[in-house]
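Asks: Here is my input, please return the structure:
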Amino acid sequence: MKIQFPAPLQAGDAVAVTAISSGVPAHLHAGLDASLDRLRARGWKVVEGDCLREEKHDASAPAKARLAEFNHFLFDPGIRAILPPWGGERAIELLAGMDFAALAKLPAKWLAGFSDISTVAAPLTLLSGWATLHGANLYDLASEEGDFGCAALLETLECGLPPLQTACGEFWSWGSPMQRHPGQLRVLGAAEARIEGRLIGGCLDTLSRLQGSRYFDLSAFKAEPAILYLENCEMGPCELLRALTGLRLGGALDGLAGLVLGRSGGPDAGDANALDYRAALETALAGLPYPVAVDADIGHVPPQWSLLNGAWATLEVKGSAGVLEQRRMR
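Replies: The predicted structure follows:
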């Protein structure tokens, strides 16, 4: 399928900030303001939406208001990028009200973020042909304690493509960014692999709910080699196994060039008799006829790569080392 890539952002370009899922409550406004200041420091004009600085019933506003504002920014030719502050739980409510066919006729603009942002970003790529960016959320720019992938996010927006990225080799949490843990990037059943194809993916928690709908129909995308990447926010091992097995039963995992899974943000087994994370992966994905890389720098356990849905990517993994390159054309 044909992919439209957003143009790099330049000084003076307008960037819309709206919370399509969860909003930012008052006690976190200082962090939001710090993030917006970093956008202004790049020379970009920040346009705040009305659905942003409140949070009620796990959303910034009722679905009708969030949809209307999101559609306004999507169709406004003066807006060059849409950067939600973060994800949440309720972006799925917007899908039925989005005109993907009409958007396919317009120049692509940036939509960036991860978690629940995937719920609309992946369909925008699959149904409208817009390249969308899975990477650090806007609010992550407020952190002064560690780089959660923000440098790659900003470079992508300014240059039009993510930079060459390597596996970090360690990870941490938002609450304790200075406490580092060894990284675990690996290939299931192999010491190394080279995976090449067009990227598509996002948050497994949300995209697995779209299985069987037109919003996560990968059939057209698989006309050429495709790399599906997924990351787990909060599912425990058994729910993770169910989600992956459901995708497999529905055909989403058929015909891929490779599968890449981010580090799990969910709880592991509660005791020695329970199914653990590693066994859940190996059970759900056993026998797939292509490389499966796991525990990559993607998702809810930082740091994270920026992955451009629709970009042609090459991921080389040797042991725990990995290099990800992305470009527009094959």
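
Asks: Next, please give the residue ranges for the helices of the stretch 51-200 of the chain.
Replies: 63-75, 100-103, 118-128, 150-159 (DSSP state H, counting those that start in this stretch).

Asks: right, so those helices: which one is the most enclosed?
Replies: Comparing those by mean neighbour count (mean count of other Cβ atoms under 10 Å), helix 118-128 comes out on top with a mean of 25. To be clear about C-beta, it is placed using only N, CA and C from the backbone, and glycine gets the same treatment.

Asks: Output the contacting helices and strands for that one.
Replies: Secondary-structure packing of helix 118-128 (3 or more Cβ pairs under 8 Å, 6 or more residues apart in numbering; DSSP states H and E): helix 100-103, strand 110-113, strand 132-134, strand 192-203, helix 204-207, strand 307-309.

Asks: could you redo the last one with a cut-off of 7 Å?
Replies: Applying 3 or more Cβ pairs under 7 Å, 6 or more residues apart in numbering; DSSP states H and E, we find helix 118-128 packed against helix 100-103, strand 132-134, strand 192-203, helix 204-207, strand 307-309.

Asks: now that helix, how far from the centre of its chain.
Replies: Taking Cα atoms, centre = their mean, to the nearest Å, one finds helix 118-128 lying 11 Å from the centre of the chain it belongs to.

Asks: Repeat that for stretch 245-260.
Replies: Worked out by Cα atoms, centre = their mean, stretch 245-260 lies 18 Å from the chain centre.

Asks: So what would you say the end-to-end distance of it is?
Replies: 15 Å (Cα to Cα, to the nearest Å).

Asks: Quick check: phi and psi at the residue in the chain sticking out farthest from the centre.
Replies: Distance from the centre of the chain peaks at N273, with 33.0 Å (Cα atoms, centre = their mean). Main-chain dihedrals, N273, degrees, to the nearest 10: phi -90, psi -10.

Asks: tell me the SS of A293?
Replies: Under DSSP: H, G, I helix; E, B strand; the rest coil, the three-state class of A293 is strand.

Asks: hmm, back to that, export the helices of the stretch 51-200 of the chain to JSON lines and tack on distance to P302 and mean pLDDT?
Replies: Shown next, in JSON lines, are the helices of the stretch 51-200 of the chain (distance: least, Cβ to Cβ, whole Å; pLDDT from 0 to 100):
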{"stretch": "helix 63-75", "distance to P302": "26", "mean pLDDT": "98"}
{"stretch": "helix 100-103", "distance to P302": "31", "mean pLDDT": "98"}
{"stretch": "helix 118-128", "distance to P302": "16", "mean pLDDT": "98"}
{"stretch": "helix 150-159", "distance to P302": "10", "mean pLDDT": "95"}
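
Asks: Centre-most residue in the chain?
Replies: Geometric middle of the chain (Cα atoms, centre = their mean) lands on H134, at 3.1 Å.

Asks: number of nearby residues for the residue nearest to that one when sequence neighbours are not counted?
Replies: Of all residues not flanking H134 in the chain, L307 sits nearest, at 4.6 Å (Cβ to Cβ, 6 or more residues apart in numbering). L307 is flanked by 31 other residues according to other Cβ atoms under 10 Å.

Asks: If anything else comes up later, I'll come back, but that's it for now.
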